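Asker: need a structure here:
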Amino acid sequence: MSDFRLGTREILVEQLVRLVYRPLLLAALVVWIRGHNAPGGGFIAGLLAVAATASYALAFGGRAARARLPLAPEALAALGVAMGALAGVPALVAGQPFLTHFSGELHLAGFALPWSTVMLFDLGVMLCVWGGLAALVLALGRKT
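Answerer: Have a look, this model is predicted:
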């Protein structure tokens, strides 16, 4: 099986993808962080991360895109499912229904940082969407 690319080397596309790859991942992070208090969250953040991976795969090939992922796509999706399930454990420990929301503030160096079990759940959704759809995109790009 060979890897896929757009065809001939397109320098303009490569430069554009290099320019937008990290900002897309940063946008995914921002959408994930604000998602528990405003529209957005894990699913949309995962779609933004997949957009970064898919664009990189089109410009540089599937192998290069796979190498830029933090884990193999399947492992990324599995980690996301595990994090989503883990987000419900504090509620069970407290005798509440599974996935009951807990939140608070963490005070560090004079700053009050809000935390929430919803953030962990949304991170799990993001990783699951990113890993699952990245696996699909990379599989569709392989030539037989």
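Asker: all contacts plus neighbour counts: C-alpha atoms, from now on.
Answerer: Noted.
Asker: Within the helices and strands, which one has residue 119?
Answerer: For residue 119, the element it lies in under DSSP states H and E is helix 117-141.
Asker: Residue 76: how many residues sit nearby?
Answerer: A count of nearby residues for residue 76, using other CA atoms under 10 Å, gives 23.
Asker: my guess is it contacts residue 134, does it?
Answerer: No: using CA atoms under 8 Å, residue 76 makes no contact with residue 134, being 9.4 Å away.
Asker: And the helices in this protein, which stretches?
Answerer: Chain-ordered helices for the chain, with DSSP state H as the definition, fall at 11-34, 42-60, 62-68, 73-86, 89-93, 117-141.
Asker: give the contact list for the residue nearest to residue 29 when sequence neighbours are not counted.
Answerer: Closest residue to residue 29 apart from its sequence neighbours, by CA to CA, 6 or more residues apart in numbering: residue 45 at 6.6 Å. The neighbourhood of residue 45, defined by CA atoms under 8 Å, 6 or more residues apart in numbering, consists of 27, 28, 29, 30, 31, 32, 126.
Asker: Compute the distance between residue 45 and residue 110, please.
Answerer: When distance is defined by CA to CA, to the nearest Å, residue 45 is 29 Å away from residue 110.
Asker: Keeping just the C-alphas, turn the helix or strand of the chain with the lowest mean pLDDT into PDB.
Answerer: In the chain, no helix or strand scores lower on mean pLDDT, DSSP states H and E than strand 111-116, which sits at a mean of 83. This file holds the C-alpha atoms of strand 111-116, laid out as PDB (Å, rounded to 0.1, in the frame of the first residue of the first chain):
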ATOM      1  CA  PHE A 111      -4.800  32.900  40.400                       C
ATOM      2  CA  ALA A 112      -8.100  31.100  40.800                       C
ATOM      3  CA  LEU A 113      -8.300  28.400  38.100                       C
ATOM      4  CA  PRO A 114     -11.700  26.800  37.600                       C
ATOM      5  CA  TRP A 115     -11.800  23.100  37.100                       C
ATOM      6  CA  SER A 116     -14.600  20.700  36.300                       C
END
